[in-house]
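Participant: with the sequence up front, the predicted model follows.
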Protein chains: 2
Amino acid sequence: MDNYPSKLLENAVVEFAKLPGIGKKTAMRLVLHLLKCEKDEVALFSSTLMKLRNEVMFCSVCNNISDNEVCSVCADSHRDRSLICVVESIRDVMSIENTRQYNGLYHVLGGIISPMNGVGPSDLKVELLEQRAASGSVAEIILALSTTMEGDTTNFYLYRKLAKYGVRISTIARGVSVGDELEYTDEVTLGRSIINRTPFETIGS
Amino acid sequence: MDNYPSKLLENAVVEFAKLPGIGKKTAMRLVLHLLKCEKDEVALFSSTLMKLRNEVMFCSVCNNISDNEVCSVCADSHRDRSLICVVESIRDVMSIENTRQYNGLYHVLGGIISPMNGVGPSDLKVELLEQRAASGSVAEIILALSTTMEGDTTNFYLYRKLAKYGVRISTIARGVSVGDELEYTDEVTLGRSIINRTPFETIGS
């Protein structure tokens, strides 16, 4: 894909292809789609993205994305303020909110420790989390990070940082997914699910 | 995916998800990427798209995308002006240009006849093509459309429209792809490639 008949077209394709997971061919398809749209629609698309980038805020309490100084979760007086669930990104907040099983607050780290990708502890909102743990109003911190080496490393790092504040620290349960067949579950998960078995009475409670 | 913590975020995701082949999850990923970019980069992305949509032109001769009144192909005095290759879209022009095997001009229809998608002959640049055929300077028109029902319908329609101008009309060769094994070639293609066999001497010329 070269020989662009138009410099304007080439620039637009190059810009789209900078997005993650979008190659030159997909970028071309998207650009040709925009060319067929009305000018108003393209203007709306552009201005919405600009507006997002320029006006969006991050909650001063939990670092969640927000239209205000404090996000809607932190501002909600019905939520349990003694519980903090630590997650990697805003997407995880949305996923957990969609389960409707959690009524505490969040803390969005903004990433996980990953030396391979050049992400160290200083790139994450750990200090803000320590301040919250030190405030005395928090009873439990739930670490809800990915079950990867990076996630485990971050869990361990956070545990060492937070343990001194006398707050209970837990991680989300690992085990066989609901609906999965044992036969097809990987050994590590199945092994963990046996070690961390749950008393039968608590199921469904 | 609902419960967006920010209206600005939701608007941006909705806009991205309007693009073809981009669902809500992918849109979310792209939007979160843009949030991590510098403001300048997002501004450049937005303005490039706006600029493309507002400033791009279509060649008055062949309907190819262009930065000027006449596109670079039509403006090139080294090209054979007696040959016109009819294609569906700008992407096809780029594909054929990349082969470096064609030295004539193009005609971009802007689509193919597809009643299922509500595209009729009046939506295509057929009248402009007829004017070119009638001008007397064209010796041959090559129809290079997709080998689909829509492509065949459009070929047939164009043939009926253009035959009266006494111009030679051809279609690109259909046959077994270079590098393909016969065993895995579909029957229709293999059948056509036998019917339209080429004298051995012309190969490689």
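Facilitator: Nice, thanks for sending it over. Residues are numbered from 1 along each chain as shown, chains lettered A, B, ... in the order given.

Participant: which helices and strands does the longest strand along chain A pack with?
Facilitator: Ranked by residue count and defined by DSSP state E, the top strand of chain A is strand A:80-87. If you count contacts as 3 or more C-beta pairs under 8 Å, 6 or more residues apart in numbering or on different chains; DSSP states H and E, strand A:80-87 packs onto helix A:90-99, strand A:104-108, helix A:126-134, strand A:140-143. Just so you know, the C-beta spots here come from the backbone N, C-alpha and C atoms, and that holds for glycine as well.

Participant: for those, give me a markdown table that also has mean neighbour count and mean pLDDT.
Facilitator: A markdown table is the format used below for the helices and strands packed on strand A:80-87 (neighbours: other C-beta atoms under 10 Å in any protein chain shown; pLDDT from 0 to 100):
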| stretch | mean neighbour count | mean pLDDT |
| --- | --- | --- |
| helix A:90-99 | 17 | 89 |
| strand A:104-108 | 24 | 95 |
| helix A:126-134 | 17 | 94 |
| strand A:140-143 | 20 | 93 |
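
Participant: of the ones you listed, which is nearest residue B:160?
Facilitator: With C-beta to C-beta, the closest approach to residue B:160 among the helices and strands packed on strand A:80-87 belongs to helix A:90-99: 54.7 Å.

Participant: report the inter-axis angle for that closest one versus strand A:80-87.
Facilitator: Relative orientation of helix A:90-99 versus strand A:80-87 (axes from the mean of the first three to the mean of the last three C-alpha atoms, to 10 degrees): 130 degrees.

Participant: tell me how far helix A:90-99 lies from the chain's centre.
Facilitator: Put simply, helix A:90-99 sits 8 Å off its chain's centre (C-alpha atoms, centre = their mean, to the nearest Å).

Participant: same for it, what does it pack against?
Facilitator: Secondary elements touching helix A:90-99 (3+ C-beta pairs under 8 Å, 6+ apart): strand A:80-87, strand A:104-108, helix B:24-36.

Participant: low-confidence stretches in chain A?
Facilitator: Scanning chain A for pLDDT under 70 picks out A:1-2, A:201-205.

Participant: was I right about residue A:155 contacting residue A:172?
Facilitator: No. Contact criterion C-beta atoms under 8 Å: residue A:155 and residue A:172 do not qualify, at 10.3 Å.

Participant: who has more neighbours, the two?
Facilitator: residue A:155 (20 against 13; other C-beta atoms under 10 Å in any protein chain shown).

Participant: now the more buried one: closest residue in space that isn't a chain neighbour?
Facilitator: residue A:143 (5.0 Å; C-beta to C-beta, 6 or more residues apart in numbering or on different chains).

Participant: same question, residue A:153
Facilitator: Leaving aside its chain neighbours, residue A:153 sits nearest to residue A:113 (5.0 Å; criterion: C-beta to C-beta, 6+ apart).

Participant: if I look at the one you found, how far off is residue A:35?
Facilitator: Here the criterion is C-beta to C-beta, to the nearest Å. By it, residue A:113 lies 43 Å from residue A:35.

Participant: my guess is residue A:32 contacts residue B:92, does it?
Facilitator: No. Here residue A:32 does not reach residue B:92: they are 11.3 Å apart, not a contact under C-beta under 8 Å.

Participant: so who does the residue nearest in space to the middle of chain A touch?
Facilitator: Nearest to the geometric centre of chain A sits residue A:89, at 1.8 Å (C-alpha atoms, centre = their mean). Residues near residue A:89 by C-beta atoms under 8 Å, 6 or more residues apart in numbering or on different chains: A:108-111, B:32.

Participant: now residue A:75
Facilitator: residue A:68.

Participant: how far away is residue A:145 from residue B:36?
Facilitator: In terms of C-beta to C-beta, residue A:145 sits 19 Å off from residue B:36.

Participant: higher neighbour count, these two?
Facilitator: For residue A:145 versus residue B:36, the count of surrounding residues by other C-beta under 10 Å is larger for residue A:145: 21 against 10.

Participant: circling back: just say which of the helices and strands packed on helix A:90-99 is most tucked in.
Facilitator: strand A:104-108 (a mean of 24; mean count of other C-beta atoms under 10 Å in any protein chain shown).

Participant: show me the contact partners of that strand.
Facilitator: Counting by C-beta under 8 Å, 6+ apart, residues outside strand A:104-108 touching it are A:58-59, A:61-65, A:73-74, A:79-90, A:92-93, A:96, A:125, A:128-129, A:132, A:141-142.

Participant: and the angle for that strand with strand A:80-87?
Facilitator: Using the same axes, to 10 degrees: strand A:104-108 against strand A:80-87 is 30 degrees.

Participant: how distant is strand A:104-108 from the center of its chain?
Facilitator: On C-alpha atoms, centre = their mean, the centre of strand A:104-108 falls 11 Å from that of its chain.

Participant: so what strands line up beside that strand?
Facilitator: Strand A:104-108 has the following strand partners under DSSP bridges: strand A:80-87 (parallel).

Participant: pull the residues that contact the partner strand.
Facilitator: Taking C-beta under 8 Å, 6+ apart as the rule, strand A:80-87 contacts A:62, A:93, A:96, A:102-109, A:129, A:132-133, A:137-145, A:158.

Participant: any idea where the helices of chain A begin and end?
Facilitator: A:7-17, A:24-36, A:39-55, A:72-75, A:90-99, A:126-134, A:149-162, A:187-195 (DSSP state H).

Participant: got a list of what residue A:137 touches?
Facilitator: Contacts of residue A:137 (C-beta under 8 Å, 6+ apart): A:81-82.

Participant: and it, how far is that from chain B?
Facilitator: 22 Å (C-beta to the nearest C-beta, to the nearest Å).

Participant: outline the domain layout of chain A.
Facilitator: In terms of domains, chain A is parsed into A:7-55, A:65-172 (source: automatic domain parsing).

Participant: okay if I get the ones you listed as JSON lines plus distance to residue B:149?
Facilitator: Shown next, in JSON lines, are these (distance: least, C-beta to C-beta, whole Å):
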{"stretch": "domain A:7-55", "distance to residue B:149": "22"}
{"stretch": "domain A:65-172", "distance to residue B:149": "42"}
